[in-house]
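**Q** Predicted structure and sequence below. I'll ask about it afterward.
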Amino acid sequence: MVSSEGMGTSSKQYGVTKPISMAGPTDTDLQRTLELEKFLVDSGLHESKEEAAKREEVLYRLGQVVKDWVKQLTRIRGYTDQMVEDANAVILTFGSYRLGVHGPGADLDTLCLGPSYVNREEDFFYTLHDILANMEEVTELQPVPDAHVPVMRFKFDGISIDLLYASISCLIVPEDLDISDVSVLHDVDEPTVRSLNGCRVADQILKLVPNVEHYRTSLRCLKFWAKRRGIYSNVTGFLGGVNLALLVARVCQLYPNAVPSMLVSRFFRVYTQWRWPNPVMLCPIEENELGFSVWDPRKNPRDRTHHMPIITPAYPCMNSSYNVSASTLRVMMEQFQYGNKICGEIELSKACWSALFEPYIFFESYKNYLQVDVVAADVDDLRTWKGWVESRLRQLTLMVERDTFGKLQCHPYPHEYFDTSRHCAHCVFFMGLQRKQGEVVQEGQQFDIRATVEEFRHSVNMYMFWKPGMDIYVSHVRRRQVPCYVFPGGYKRSRPSRPTLQLENRHKSLYDDEVSGTDHVESNHKRKCSGKVGVKHDLILKRHAPGPPGERLASCNSLSTDRLSVDGVSDGHGLRNAEDPRLSNGAQEELDRTESPEPASNSSVITSVTSDGGSSDDIGSVSVAGYAEERVKDFEVLNKARFDDTNGTDSITLVKNKMASRNEVLQELQEQLEPNAMLGMVVDSKAKVHSAVEKPMIRRFSLASTV
């Protein structure tokens, strides 16, 4: 069953290739579409009539503000009265609002078109900024002039607005200007081209899809899905609004007669099989005599490095997803596969639409996390500082990939968190860490990314509008040390059963899997072992549980010399603290300063990421040198005590039976040493126990100087 509209479009080719299928919907497809549309309405994805009317009113009032602003500048610059009267500026929309897929509370993406004599640097970011700052209805005003697309963010009567500016090459801006006409690009600079591109791309998309209403429903659905699965954030390296809009539009071209339920299913089917970095394009790339650079890997070497090219359809064609890294592409591909599996079950009537939108359980998907605390003197400073830090998190991902040759993968989570119990201006971002799938694990392999984090901090601190009080702290937390405020309701839910975890993490590396049933035993073991560690080292390298940044200031310097590494001595990715035995003089001075009341400077709180599969209860101090022989005895005693506590006399008998075989004894000893490798000991191939300081059995990849 196909609508007359669908039949009318079937003879036309959309896009750069022929459609995959011209099939229309069956009765079952139409029923699923009705169920999907009802689900989206019930989920509150459509704004009310009152909110829609308010948006229209805000757009009109903002238009009046910019018209008055341009007239004021025209008068100041000495133009005639007639010129002042004719002076004009126009507000256009783009993004989700222009595409018709915005929801309640969504940002309003707007573009101000002004005449050639009104510039962005002074007139827009200073004069207009001051006008907006003095308006009662304008709050949270945040200029971002150094962004790739310069923008001014604020709330106008409660509506969030992103306002761009483009000065076109004419003295008077007509109200009915056709933004799609390439003539608007004459005599403008690159930032202006990028600012104009949002409106031009939105118009082209709506022209290039077979059925606009089917497209809108599908896009609204997939945006909701991407947000629920934690992959909706262009600035972090995932999919933004324009990326998803282009991906969905391409699927509409490939299935021109499909209805939304079919398009959503085909979306996952297509992109799980897409051979990246082959680009997604809605139309051929257009060359023009204006000479602007267009995306072309044949001519531009930089374009060859893009992982997931999604090309805009308006001249000059650009890659809208240049932020995507190898790690974020991996995460997105896993989510595409998840969506494809659920849609397959929906088509077999084994699942309903709600299953597709189950939230991604980020804090149960990794054992290792980086926690980035962002603090500022007040809420206004935090707003600008937080936006800057968030925009740089993508660089931290790239730096880690670069300095570990892609072997350590990052998953930056595009959500910010707040601890309501704190009374300072702050927010927190998290990043999951894991070894790359398929990597051959060498005995004792480690990656040192301390210098990487310091480089990241240095780049963040280059912020043009930095103010006293703006600071960041990068720390390492285990899964069980993740603060409670990141969970719904402020408390950690009980761990799901093993099969549930396997379904969620079926694409995770073998080295990132949880070893079922070992946490309790290892926890008991480590509590008994905690008293064996030197007090002096506890002062140097004691791990602090996550707390308010203000409370951690005094300890940041003392922890700045810790090593963040991934160790391949066993089959997990647990975390432990490890002391670098070669503390420099500067590091010792840092330790000495922690005893003084002087305020601490910016410092990365970094510990070790290893693959010992250990428990997160392992937060004690570390001692490395000179304990080898004593620790062998300790482990024998602890091993006996461990079995005494857990299994009684039968367990002691079991241990004695194992002692009958030398190989089995060595294997048991190694199993005890691996989760406690923080003591600096390893077992070599000849069954000898060495200190990691005396015998460099652990191969360290110290990449601090890698460029």
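**A** Nice, thanks for sending it over.
**Q** Every contact and neighbour count from this point should use C-alpha atoms.
**A** Will do.
**Q** So Glu47, which state does it fall into?
**A** At Glu47 the chain is in coil, as set by DSSP: H, G, I helix; E, B strand; the rest coil.
**Q** wait, what's in contact with the residue nearest to it when sequence neighbours are not counted?
**A** Sequence neighbours aside, Pro104 is the residue nearest to Glu47 in space, at 4.6 Å (criterion: CA to CA, 6 or more residues apart in numbering). Pro104 makes contact with Gly44, Leu45, His46, Glu47, Ser48, Glu51, according to CA atoms under 8 Å, 6 or more residues apart in numbering.
**Q** can the residues you listed go into TSV with extra columns for pLDDT and distance to Leu111?
**A** Formatted as TSV, those follow (pLDDT from 0 to 100; distance: CA to CA, whole Å):
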residue	pLDDT	distance to Leu111
Gly44	93	27
Leu45	94	24
His46	93	24
Glu47	92	22
Ser48	92	24
Glu51	93	21
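**Q** Of those, which is the most crowded?
**A** Within the contacts of Pro104, most neighbours by other CA atoms under 10 Å means Leu45, with 17 neighbours.
**Q** so what's that one closest to, chain neighbours aside?
**A** Spatial nearest neighbour of Leu45, excluding adjacent residues (CA to CA, 6+ apart): Gly103 at 5.1 Å.
**Q** bridging residues for Tyr232?
**A** As for beta bridges, Tyr232 partners with Leu239 under DSSP bridges.
**Q** ok, now which ones touch it?
**A** Listed by CA under 8 Å, 6+ apart, the contact set of Tyr232 reads Lys223, Ala226, Phe238, Leu239, Gly240, Gly241, Pro414.
**Q** hmm, back to that, can I take it that the residue nearest to Leu45 is in a strand?
**A** No - going by three-state DSSP, the assignment for Gly103 is coil, not a strand.
**Q** roughly how far apart are it and Tyr215?
**A** Counting by CA to CA, to the nearest Å, the gap from Gly103 to Tyr215 is 16 Å.
**Q** what are the ranges of the helices in the stretch 51-200 of the chain?
**A** Ranges of helices in the stretch 51-200 of the chain, per DSSP state H, counting those that start in this stretch, are 81-86, 95-99, 129-133, 190-208.
**Q** do you know which of those helices lies nearest Cys112?
**A** The minimum distance between Cys112 and the helices of the stretch 51-200 of the chain falls on helix 190-208, with 9.3 Å, by CA to CA.
**Q** Show residues contacting the closest one.
**A** Under the criterion CA under 8 Å, 6+ apart, residues 14-15, 92-95, 98-99, 111, 148-150, 164-167, 179-180, 185, 212, 245-246, 249, 253, 282, 312-314 lie in contact with helix 190-208.
**Q** List the ones among these that fall in strands.
**A** Under the assignment DSSP state E, the contacts of helix 190-208 contribute Leu92, Thr93, Leu111, Leu164, Tyr165, Ala166, Ser167 to strands.
**Q** and which of the residues you listed is nearest Thr272?
**A** Of all these, Thr93 has the smallest distance to Thr272: 32.5 Å, by CA to CA.
**Q** Tell me the bridge partners for the nearest residue in space to the closest one that is not next to it in sequence.
**A** In space, and not counting its chain neighbours, Thr93 is closest to Thr110: 4.4 Å by CA to CA, 6+ apart. When bridges are called by DSSP bridges, Thr110 pairs up with Thr93, Leu163.
**Q** Count residues in the vicinity of Thr110, would you?
**A** 25.
**Q** cool, and Asn368?
**A** Neighbour count of Asn368, defined by other CA under 10 Å: 30.
**Q** Looks like it contacts Phe430 (just checking).
**A** No - with contact defined as CA atoms under 8 Å, Asn368 does not reach Phe430; the gap is 10.2 Å.
**Q** Give me the common contacts of the two.
**A** Counting by CA under 8 Å, 6+ apart, nothing touches both Asn368 and Phe430.
**Q** Quick check: Val482 vs Arg298, distance?
**A** 46 Å.
**Q** Between those two, point out the one with more neighbours.
**A** Comparing Val482 with Arg298 by other CA under 10 Å, the one with more neighbours is Val482, at 22 against 9.
**Q** gap between that one and Arg422?
**A** Using CA to CA, Val482 is found at 16 Å from Arg422.
**Q** go on, Leu185?
**A** 49 Å.
**Q** which residues does Thr299 contact?
**A** No, residue 299 isn't Thr; it's Lys. Shown in contact with Lys299 (CA under 8 Å, 6+ apart): no residues.
**Q** Need phi/psi at it.
**A** Per-residue torsions, Lys299: phi -100, psi -30 (degrees, to the nearest 10).
**Q** ok, the nearest residue to Ile179 once chain neighbours are set aside to Pro313 distance?
**A** Once flanking residues are discounted, Ile179 sits nearest to Arg200: 6.2 Å by CA to CA, 6+ apart. Per CA to CA, Arg200 is found 9 Å from Pro313.
**Q** could the contacts of Tyr232 be laid out in CSV, adding pLDDT, neighbour count and distance to Val375?
**A** Output for the contacts of Tyr232, formatted as CSV (pLDDT from 0 to 100; neighbours: other CA atoms under 10 Å; distance: CA to CA, whole Å):
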residue, pLDDT, neighbour count, distance to Val375
Lys223, 97, 21, 30
Ala226, 97, 24, 28
Phe238, 95, 27, 25
Leu239, 94, 26, 27
Gly240, 93, 19, 26
Gly241, 93, 17, 28
Pro414, 93, 20, 18
